[in-house]
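Trainee: Sharing a model prediction with you, sequence too.
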Amino acid sequence: MDNILISIITPCFNSEKTIERTLESVLNQTYQNYEYIIVDGKSTDNTLSIIEKYKEKFGDKLQVVSEKDSGIYDAMNKGINLATGELIGIVNSDDFYELDALENIVKEYNNEKYAVFYGMMRTIENNKESSIVIYNHEFVKKKMITHPTCFVTKKLYSDLGAYSLEYKSSSDYDFMLRVSQNKEVVFKPIYKVVSNFELGGISSTVVGEKESLEILKKYNIISTKKYYFKKFYLSLAKATTRLRK
């Protein structure tokens, strides 16, 4: 089991308030055969100086790239291209892994060519646990699986493609719907908490909801009529929120 290399990717930009927690969660994994790739979008705060403090602790496991990018999915794709592990996990700079996350993923890995492993996700709001969830992949057309917990085989990304830059906050959903249509792809749920998600990112905004609607229409999961109805409802909800402020 220890011979399986896992690549962990953290895209970040001006993440000084949260990235140390992310770094610690990777550093202290119970499974240590990993490489850690941080893709920074040219942060202007103390993010890079915080990362610098950890370079000696990680040693040759850590690779840092800092350059302007076209958003979070561009950063993810850069990390995926640099990754050399058999499995790739993505932990954002405001999220963090459970310390046995990699161990639990490796236990389920059986040299699958195209596979998506995903587990339970703890959601944190105002420094408190608000929920622990897992959404079954068989219902991905209704609900996105817990992407912060996902580990994907390198071969899947290499052969079937990574994340589209068409969307700002919902390309992970587009990716999962696309690969779920391929019968060669295996989805393996793991019923343990893998990752901790900090509520408040762009995917939880109206922008994220609108993009998700566009993706559902793209894959003919909802009709054009239903798409426009839901889009109008979201716009109305946004306008109502503005009036209340």
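Mentor: Received it, and whenever you're ready, just let me know what you need.

Trainee: C-alpha from now on. contacts and neighbour counts both.
Mentor: Fine.

Trainee: And the pLDDT for the residue nearest the centre of the chain?
Mentor: By CA atoms, centre = their mean, the chain has its centre lying nearest to P148, at 4.0 Å. Reported pLDDT at P148 in the predicted model: 95.

Trainee: Surely it is in contact with S93?
Mentor: No - using CA atoms under 8 Å, P148 is not in contact with S93, being 11.0 Å away.

Trainee: what residues are up against the residue lying closest to D100 once chain neighbours are set aside?
Mentor: The shortest distance from D100 to any residue that is not its chain neighbour, by CA to CA, 6 or more residues apart in numbering, is 5.4 Å, and that residue is T30. Applying CA atoms under 8 Å, 6 or more residues apart in numbering, we find T30 in contact with 99-100, 102-103.

Trainee: And the residue nearest to the centre of the chain, how close does it get to I88?
Mentor: Counting by CA to CA, to the nearest Å, the gap from P148 to I88 is 12 Å.

Trainee: ok, now V179?
Mentor: V179 is 16 Å from I88, where distance means CA to CA.

Trainee: who's more crowded, these two?
Mentor: Neighbours were counted for V179 and for I88 using other CA atoms under 10 Å; I88 has more, 26 against 21.

Trainee: Quick check: chain neighbours aside, which residue is closest to that one?
Mentor: Nearest to I88 is S7, by CA to CA, 6+ apart, at 4.7 Å.

Trainee: now the host helix or strand of the one you found: mean pLDDT?
Mentor: S7 belongs to strand 6-12 when assigned by DSSP states H and E. Averaged over strand 6-12, pLDDT sits at 98.

Trainee: Over to stretch 215-224?
Mentor: The model assigns stretch 215-224 a mean pLDDT of 83.

Trainee: Give me the buried positions along it.
Mentor: Buried residues in stretch 215-224, counting neighbours by 16 or more other CA atoms under 10 Å, are found at 215-217.

Trainee: picking that back up, so the residue nearest to I88 bridges to which residues?
Mentor: E35, I88 (DSSP bridges).

Trainee: what residues are up against it?
Mentor: Taking CA under 8 Å, 6+ apart as the contact definition, S7 lies against 34-37, 83-89.
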